[in-house]
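Colleague: Provide a 3D model corresponding to the input given below.
(chains A and B)
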Amino acid sequence: RKEVEQDPGPFNVPEGATVAFNCTYSNSASQSFFWYRQDCRKEPKLLMSVYSSGNEDGRFTAQLNRASQYISLLIRDSKLSDSATYLCVVNMNTGFQKLVFGTGTRLLVSP
Amino acid sequence: DAGVIQSPRHEVTEMGQEVTLRCKPISGHNSLFWYRQTMMRGLELLIYFNNNVPIDDSGMPEDRFSAKMPNASFSTLKIQPSEPRDSAVYFCASSLGAGSQPQHFGDGTRLSIL
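Modeller: Residues are numbered from 1 along each chain as shown, chains lettered A, B, ... in the order given. Sure thing, here's the model as predicted:
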C-alpha cells in the first residue's frame, strides 16, 4: 500500500460546481496533514493545513478522519482559476519525520 | 519576504557533464529538502537536511547524485556524470522543523540532459 494515495483524476467540473477530493494515508501515527496546490510547470504551494476538527478557508474546507485514515478537500463555487493539481501531504512518524506527498489530483474547471 | 531561491532556472547539458543545482532556503528555516519531479514518478524526496546535517538520503538514486549543505543558507545538489534519465524538474524546499511543518518550495530547476 502506498503511503499516501490519491485519485489522479482529472476531475472535470463546470464553474460554480462543488467538488471534493479524498486522500488516504497508511501510517496511523501521522500527525500533520496539508493540502498543496500545483499549477502546470510551477512549484507546489501550500493551500491549507488540515486540523483534527476540520477547517475552512473561504471556499475551501479540509476534513480529517483519523479512524479511516483519510483527509478530504472540498471546493465550493469552483472558479476557472482553481484548475490545478491538488497534492495531499502527510507526515510520517517513522524514525525520520518527513512529509510524504501524494501524486496529486488534477482539477479542470470549465466555463 | 524572500522565498526559497534556486538556480539556475533552466539547465540544458549533454550527458556525461557535471550538473550543479543551488538552493538558498528561507532565512531561519532549519530543514532543507531536495525533490525531483517527473510525469511518471511524481514528486520524489531525494534528501533532506536538518540543521545542515543530512538526515535521510534514501531517496538519492545512485552514487552519481550527491548533496551538500555547508551552511544554513546554502545547499547544492550535484549530478556527475549526468544521464538523459536525470531530466526532470528539481525542487528545493525549506521548513521550520522537518516532519510537522509545511514546506515552502523554490521555483525549481528544469534540467534537460541530451
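
Colleague: What are the buried residues along the lengthiest strand in chain A?
Modeller: The residue-count maximum for a strand in chain A (DSSP state E) belongs to strand A:84-94. By 16 or more other Cβ atoms under 10 Å in any protein chain shown, the buried positions in strand A:84-94 come out as A:84-92. C-beta coordinates here come from the backbone N, C-alpha and C atoms, glycine included.

Colleague: now the most centrally placed residue in chain B, what's its secondary structure?
Modeller: Residue closest to the average C-alpha location in chain B (Cα atoms, centre = their mean): residue B:34, at 3.1 Å. Per DSSP: H, G, I helix; E, B strand; the rest coil, the local secondary structure of residue B:34 is strand.

Colleague: Spit out the contact partners of the spatially closest residue to it that is not a sequence neighbour.
Modeller: Closest residue in space to residue B:34, ignoring its immediate chain neighbours: residue B:46 at 4.4 Å, by Cβ to Cβ, 6 or more residues apart in numbering or on different chains. The contact partners of residue B:46, by Cβ atoms under 8 Å, 6 or more residues apart in numbering or on different chains, come to B:34-36, B:57, B:59-61, B:65, B:67, B:77.

Colleague: Chain A: which of those is nearest?
Modeller: residue B:35 (8.0 Å; Cβ to the nearest Cβ).

Colleague: Could you measure from the closest residue to that closest one other than its chain neighbours over to residue A:56?
Modeller: Sequence neighbours aside, residue B:91 is the residue nearest to residue B:35 in space, at 4.4 Å (criterion: Cβ to Cβ, 6+ apart). Going from residue B:91 to residue A:56 by Cβ to Cβ, to the nearest Å gives 29 Å.

Colleague: which parts of chain A sit against chain B?
Modeller: A:31-32, A:34, A:42-46, A:49, A:87, A:89, A:91-93, A:96-104 (Cβ under 8 Å from any Cβ of the partner chain).

Colleague: Point me to the helix or strand that includes residue B:44.
Modeller: Element membership of residue B:44 [criterion: DSSP states H and E] is strand B:42-50.

Colleague: Would you mark the buried spots in that strand?
Modeller: B:42-43, B:45-50.

Colleague: just stretch B:59-76 next, same as before
Modeller: Quick answer for stretch B:59-76 (16+ other Cβ under 10 Å): B:59-60, B:65, B:67, B:69, B:72, B:75.

Colleague: hmm, back to that, buried among the residues of chain A next to chain B? Make that a ChimeraX selection.
Modeller: In ChimeraX, a selection of the buried entries from the residues of chain A next to chain B looks like this (16+ other Cβ under 10 Å):
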select /A:32,34,43,44,87,89,91,92,97,98,99,100,101,102,103,104
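
Colleague: Can you tell me which residues in chain B are near chain A?
Modeller: Taking Cβ under 8 Å from any Cβ as the criterion, chain B approaches chain A at residues B:42-43, B:45, B:48, B:55-56, B:91, B:98-108.

Colleague: that older thread, and the angle from the strand holding residue B:44 to strand A:84-94?
Modeller: 50 degrees (axes from the mean of the first three to the mean of the last three Cα atoms, to 10 degrees).
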